[in-house]
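S.K.: Below is the structure, and that's it, no one-letter string:
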């Protein structure tokens, strides 16, 4: 391992925060322990996850998508585990590319483990505020079968929604009913989520307006979860009798997360879009000696 300093950035989308490691040619070896150390809020940089920025052609998991998307979001959870997709992470990833001069305002395609995602970067406002970023999140799948979530001994029915990664959405009268969310809520049956689940608790705030809290698989409770907000929107729409595939009309919900606000739209063809902010807050280099002890 070279002892040369390594560049990094830090960014967030509605306070779901990420360590960003630019590595176009995929030269970094990032074992789970190293990712967890980088994401550690006391012993590392700190983040809910890590965005490894790689050219699709240089990564074996993304080479097949290189013809559609130049860049691959190799996303890792805060504990170092690999994840299929992260909606807030896609927005921050796109903002990094824009900042680095690798993307411009307008449309962009990004490769993820859940497939290619279409992104639109809105124009910068006259006051210099970066425009919101809209991400095509794919189509929601609603696996059959009943699931439930248990917190503090109380079992609640939930909706199984897959947004490229698995979610269990439970509706509550008050978000405090979700408990502290320090540990993963119990989801049953376990067979419905063989690789674990992200668990969202949602409460109504008004017509087509909900608020949520989330325990992200591999990260704990986070300030926001983009795929989770999409899952909550779809679950709320079905609960409310809104199915764009049936009505022929798009459905849009506002979803408040602890770190801000997202707007989610499901279209009649099933495509789900998420719109929200993304910011890069810092950049620098990792100390070479510390890095040598962390990376193999």
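M.R.: Received, thanks. Just so it is clear, the structure is predicted and the values come from calculations on it, not from any experiment.

S.K.: Around the residue nearest to residue 286 when sequence neighbours are not counted, how many other residues sit close by?
M.R.: Leaving aside its sequence neighbours, residue 286 sits nearest to residue 6 (CB to CB, 6 or more residues apart in numbering; 4.6 Å). Quick note: C-beta positions are derived from backbone N, CA and C, even for glycine. If you count neighbours by other CB atoms under 10 Å, residue 6 ends up with 20.

S.K.: do the same with residue 100
M.R.: By other CB under 10 Å, 14 other residues sit near residue 100.

S.K.: Skip the chain neighbours and tell me the closest residue to it.
M.R.: Take residue 100 and drop its neighbours on the chain: the residue closest to it by CB to CB, 6+ apart is residue 22, 7.2 Å away.

S.K.: which residues does that neighbour bridge with?
M.R.: residue 53 (DSSP bridges).

S.K.: wait, doesn't residue 205 sit right on residue 236?
M.R.: No - in this structure residue 205 lies outside contact range of residue 236 using CB atoms under 8 Å: 10.7 Å.

S.K.: can you give me the helices for this structure?
M.R.: Counting by DSSP state H, the chain has helices at residues 32-39, 87-99, 226-239, 244-247, 288-294.

S.K.: Tell me the buried residues in the first one?
M.R.: Buried residues in helix 32-39, counting neighbours by 16 or more other CB atoms under 10 Å, are found at 34-39.

S.K.: can you put these in a markdown table and add distance to residue 155 and pLDDT?
M.R.: As requested, these are arranged in a markdown table below (distance: CB to CB, whole Å; pLDDT from 0 to 100):
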| residue | distance to residue 155 | pLDDT |
| --- | --- | --- |
| 34 | 38 | 95 |
| 35 | 34 | 97 |
| 36 | 32 | 97 |
| 37 | 37 | 97 |
| 38 | 37 | 97 |
| 39 | 32 | 97 |
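
S.K.: Adding distance to residue 200, write the helices of the chain out as TSV.
M.R.: Formatted as TSV, these follow (distance: least, CB to CB, whole Å):
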stretch	distance to residue 200
helix 32-39	21
helix 87-99	12
helix 226-239	5
helix 244-247	20
helix 288-294	32
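
S.K.: worst average pLDDT in these?
M.R.: Ranked by mean pLDDT, the helices of the chain bottom out at helix 288-294, with a mean of 89.
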